[in-house]
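J.: Next come a sequence and a model predicted from it.
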Amino acid sequence: MTRLRFGVEVGVTKARRREGVLVTMVMFWFIFFFKKFKIKNFFKAIKGAQDTLAKGKIDYGRELFAAENLYPDSTILIGDTLHDKEVADSLKIKCVLYSGGHQTYNRLAINNSIVVSDLLKSFDVVEKLL
């Protein structure tokens, strides 16, 4: 059975914010999983692929910023790849990388990025960065 990584539900609840989500998964499936895990209501905005030939995450990020009137100085991307860091840099926002996902801690740390190995701790890091 598919389940959330440890720390996601607790972290989102702890943050007590209406966060936005930027995804590269086809939106139909992403929303399905959000509803399944009962965390959809924690998020104000969700932006991502409408089809499998979607444009890039940077374009979706720009659209999300425009649609939701977000400000770079109060926005942080939590990701798990060096590409997520590239997206954050392109959008001029801070980034916290999680090493329990697609890439290892050593791979993520090569650019002096902020890297956490515990997803729950990423929310504490976010609090300090904001």
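T.: Cool, got the structure.
J.: could you pull out the helices for the protein?
T.: With helices called from DSSP state H, the chain shows them at 8-15, 27-36, 57-68, 82-91, 105-108, 119-129.
J.: average pLDDT across stretch 72-87?
T.: For stretch 72-87, mean pLDDT rounds to 86.
J.: contact partners of it?
T.: Residues outside stretch 72-87 that contact it (CB atoms under 8 Å, 6 or more residues apart in numbering) are 20, 22, 57-58, 61, 65, 88, 91-103, 107-108, 110-111, 113, 122, 126, 129-130. The C-beta positions use only the backbone N, C-alpha and C, and glycine is treated the same way.
J.: re the thing from before, would you format the helices of the chain as JSON lines with distance to I76 included?
T.: As requested, the helices of the chain are arranged in JSON lines below (distance: least, CB to CB, whole Å):
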{"stretch": "helix 8-15", "distance to I76": "10"}
{"stretch": "helix 27-36", "distance to I76": "20"}
{"stretch": "helix 57-68", "distance to I76": "12"}
{"stretch": "helix 82-91", "distance to I76": "8"}
{"stretch": "helix 105-108", "distance to I76": "15"}
{"stretch": "helix 119-129", "distance to I76": "5"}
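J.: and these, which is most packed in?
T.: Most buried of the helices of the chain by mean neighbour count (mean count of other CB atoms under 10 Å) is helix 82-91; its value is a mean of 19.
J.: quick check: angle from that helix to helix 57-68?
T.: Put simply, helix 82-91 runs at 50 degrees to helix 57-68, going by axes from the mean of the first three to the mean of the last three CA atoms, to 10 degrees.
J.: residue contacts, L108?
T.: By CB under 8 Å, 6+ apart, the contact list for L108 reads 80-82, 85, 97, 99, 115.
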